[in-house]
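> Based on what follows, work out the 3D shape:
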Amino acid sequence: MSLPPLVEPAAELTVDEVRRYSRHLIIPDVGMDGQKRLKNAKVLCVGAGGLGSPALMYLAAAGVGTLGIVEFDEVDESNLQRQIIHSQADIGRSKAESARDTVKGINPYVDVILHEERLEADNVMDIFSQYDLIVDGTDNFATRYLVNDACVLLNKPYVWGSIYRFDGQASVFWSEHGPCYRCLYPEPPPPGMVPSCAEGGVLGVLCASIGSIQVTEAIKVLTGTGEPLVGRLMIYDALEMQYRQVKVRKDPDCAVCGENPTVTELIDYEAFCGVVSEEAQEAAAGATITPKQLKEWIDEGENIEIIDVRETNEYEIVSIPGARLIPKNEFLMGTALETLPQDKKIVLHCKTGVRSAEVLAVLKSAGFSDAVHVGGGVIGWVNQIEPHKPVY
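Modelled structure (predicted):
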């Protein structure tokens, strides 16, 4: 559906701005009026990572007058494969500051506002209220639901994107004109069911594909051009090089934007999404050891069986000495249980401790009452025991 422009046009463009944006100005559907609206727009990017990188760079190049960046993390070497707004020289720097410098290098006429803090229920309303449109580049469900609910309560449109391995999705959620994120996904998936990009990986260039769609939709909403992805979900399969669309209808029973909403204020989104399930939390209570404890057990020759529950490609990057690989899914399916020794203490680990806690719950319910898992996983092991090994 066509929608009216989100923002009013700025008073004028300078001579330098006319030269800079000339290729926009000669497009009839954008023209002087559309470019003035971009100049007057205030857009917030949540995250300066995989999706935030191309989004910020192209929003800046397009001439969006004010760009906000919500980001609390620092640049890590593993980011550089996909987060193109950062460079080798930025490793260890604030992502927000690194992104700001790149944006200003692309377009000095853009005002950049940094919010160097974690987006949470107690600050999201204040931050979002300063902007016309939100671009969501987050990679976890708790923040996605937080962004959605805040936008619905503030009646703000936002452009959403998601990436994983070779697959991407994008849409525009605006409860005044169509569905919200909860209409598409009323409930988050069970904890541990959907791997994050840190666990499953992502093709670096996929970020550009989805991020550019997000910027295209942002420009369309801001200027009132074309038909934005309101009520439509764009799905991209990079392996097949195929795009397809799915209609998304507004749910009259939606908890936040429905006819009788039950979510009328922000909630505890970590609890709602459950970073780790209750079963895993209960299993890990009193059954979590540190990497240093594991090292002591290995050195003392304790009768243990170390099980790595990550995926094969992760195991090939870095592993704990003596660990046997049995991916998490084999435990969930039950096929791994018969391969475990009955006369040894089982020690589980994964990358950071989330997946191993889920598997620990499976083992406890199967009768392996003395099984434990390593808090911090292989990342903790490398940091504390073998710092010469690579991390990912």
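> Residue 142 belongs to a helix?
Yes - under DSSP: H, G, I helix; E, B strand; the rest coil, residue 142 sits within a helix.
> average pLDDT for the helix or strand containing residue 210?
Residue 210 is part of helix 206-223, with elements assigned from DSSP states H and E. Mean pLDDT, helix 206-223: 98.
> Check the residue nearest to residue 297 when sequence neighbours are not counted and give its pLDDT.
Excluding the flanking residues, the one nearest residue 297 by CB to CB, 6 or more residues apart in numbering is residue 304, at 5.6 Å. C-betas here are computed from N, CA, C, even on glycine. Confidence at residue 304, expressed as pLDDT, is 96.
> who's in contact with residue 304?
With contacts defined as CB atoms under 8 Å, 6 or more residues apart in numbering, the neighbours of residue 304 are 297, 298, 344, 345, 346, 347.
> Distance check, the second one against residue 359.
Noted for residue 298: a distance of 20 Å to residue 359, by CB to CB, to the nearest Å.
> which one of the two has more residues nearby?
residue 359 (28 against 16; other CB atoms under 10 Å).
> Low-confidence stretches in the protein?
By pLDDT under 70, the low-scoring segments of the chain are 190-193, 195, 274-275.
> Looks like residue 295 contacts residue 385 (just checking).
Yes - Residue 295 is within contact range of residue 385, at 5.2 Å (criterion: CB atoms under 8 Å).
> Identify the contacts common to the two.
By CB under 8 Å, 6+ apart, no residue touches both residue 295 and residue 385.
> follow-up on the earlier one: after the helix holding residue 210, next one along is what?
On the C-terminal side of helix 206-223, the closest following helix or strand by DSSP H and E is strand 232-237.
> Check which helices and strands whichever helix or strand comes after that following strand sits against.
With elements assigned by DSSP H and E, the helix or strand that comes after strand 232-237 is strand 242-247. Judged by 3 or more CB pairs under 8 Å, 6 or more residues apart in numbering; DSSP states H and E, the packing partners of strand 242-247 are strand 232-237.
> follow-up on the earlier one: helices - which of the contacts of residue 304 land there?
Those of the contacts of residue 304 mapping onto helices are 297, 298, per DSSP state H.
> quick check, nearest of the contacts of residue 304 to residue 37?
Within the contacts of residue 304, the smallest distance to residue 37 is 59.0 Å, found for residue 347 (CB to CB).
> what pairs with the closest one across the strands?
Counting by DSSP bridges, residue 347 is bridged to residue 306, residue 372.
> give the contact list for it.
Residue 347 makes contacts with 289, 294, 297, 304, 305, 306, 307, 371, 372, 373, 374, as judged by CB under 8 Å, 6+ apart.
> Now tabulate those residues in JSON lines and tack on distance to residue 71.
Output for the contacts of residue 347, formatted as JSON lines (distance: CB to CB, whole Å):
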{"residue": "289", "distance to residue 71": "33"}
{"residue": "294", "distance to residue 71": "34"}
{"residue": "297", "distance to residue 71": "39"}
{"residue": "304", "distance to residue 71": "41"}
{"residue": "305", "distance to residue 71": "41"}
{"residue": "306", "distance to residue 71": "36"}
{"residue": "307", "distance to residue 71": "36"}
{"residue": "371", "distance to residue 71": "38"}
{"residue": "372", "distance to residue 71": "36"}
{"residue": "373", "distance to residue 71": "31"}
{"residue": "374", "distance to residue 71": "30"}
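> most neighbours, which of those residues?
residue 373 (29 neighbours).
> Pull the contacting residues for that residue.
Contact analysis of residue 373 by CB under 8 Å, 6+ apart lists 284, 287, 288, 289, 347, 348, 349, 353, 356, 357, 359, 360.
> OK, contacts around residue 3?
For residue 3, the contact set (CB under 8 Å, 6+ apart) comprises 177, 221, 224, 228, 230.
> and which of those residues is nearest residue 6?
Nearest to residue 6 among these is residue 221, at 5.3 Å by CB to CB.
> What separation do you get for the closest one and residue 340?
Going from residue 221 to residue 340 by CB to CB gives 54 Å.
> And the two? Which one has more around it.
A direct count of neighbours by other CB under 10 Å for residue 221 and residue 340 places residue 221 higher, at 28 against 17.
> quick one on the thing from earlier: list the buried ones in the helix holding residue 210?
Going by neighbour count (16 or more other CB atoms under 10 Å), the buried part of helix 206-223 is 206-223.
> and residue 349, how many neighbours does it have?
Residues near residue 349, counting by other CB under 10 Å: 30.
> Now it: closest residue in space, sequence neighbours ignored.
Nearest to residue 349 is residue 374, by CB to CB, 6+ apart, at 4.0 Å.
> Would you confirm that residue 124 contacts residue 146?
Yes - Residue 124 is within contact range of residue 146, at 6.0 Å (criterion: CB under 8 Å).
> Return every residue with contacts to both of those two.
Joint contacts of residue 124 and residue 146 (CB under 8 Å, 6+ apart) are residue 266.
> gap between residue 177 and residue 257?
Plainly put, residue 177 is 11 Å away from residue 257 if you go by CB to CB.
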